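Provided below are the primary sequence and the corresponding predicted coordinates.
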Amino acid sequence: MYTIYINDKPFIITDDWDHLIHDHTYQHFYSDNRLQIRKISQDLITNNKYSGAVVHAENMIKAFEGFSSDYEIVEAAGGVIENELGQILMIYRKGCWDLPKGKIEKGETEAIAAKREVMEECGLLKVEVKTKFTATYHTFFMPQKNVLKISHWYRMTSPSNDRLKPQLEEDITEIKWFTKSQIDLEKLDTYRSIQKVLDLYLN
């Protein structure tokens, strides 16, 4: 199953015919056709009636490839950092709580890029990368191109006494350790893709 966030709304491509079928807040379609999938995704941007859309496809991978062919693919990597006290590190960027991540540079592996971005954005000096546990997909739109960003997420650790220095040039204004009980996914001011990452990590 692929969940792509378009304007922070989930656009789901799945070959599970029963998946979310009873969720009437989502609009449901049955198609492998690239042009129809494109129209469905565009309607999701302009139609506020539905909170998301589900495309049930016979060939899920082919349907996703058809969808993504309309976008320039950018790959990024980041992490959920936990300290020895069980606290989770989050950054405040552009009015929302977020997790540190950034674009994978040429020649880097996902894990190396994730560690570098975490250290750069948070100022951390001691970061250990554990395992990759998920990937997220979201779109954004620029004057000359549409971008599909694929972010690879890793479990990481860092000591609670490591320095915290926000990367101001990346619009990060605050860094904070949260206890797990403080992370209320329903109330946390963040993106839905980040909610998904935290939900997978915490549960």
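Done, it's in.

domains for the chain, by residue range?
For the chain, automatic domain parsing gives the domain ranges 2-68, 79-129+158-202.

between the ones you listed, which one is nearest to Phe140?
Closest to Phe140 of these, according to C-beta to C-beta: domain 2-68, at 9.2 Å. (Each C-beta comes from the backbone N, C-alpha and C, glycine too.)

How is the residue of the chain positioned farthest from its centre assigned, secondary-structure-wise?
Largest separation from the mean C-alpha position in the chain: Asn161, at 27.6 Å (C-alpha atoms, centre = their mean). What DSSP: H, G, I helix; E, B strand; the rest coil gives for Asn161 is coil.

about what we covered before: looking at the domains of the chain, which is nearest to Asn146?
Of the domains of the chain, nearest to Asn146 by C-beta to C-beta is domain 2-68, at 10.1 Å.

which stretches of this structure have low pLDDT?
Within the chain, the ranges that satisfy pLDDT under 70 run 17-24.

With distance to Lys145 as new columns, can the domains of the chain be given to me in a markdown table?
Formatted as a markdown table, the domains of the chain follow (distance: least, C-beta to C-beta, whole Å):
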| stretch | distance to Lys145 |
| --- | --- |
| domain 2-68 | 13 |
| domain 79-129+158-202 | 15 |
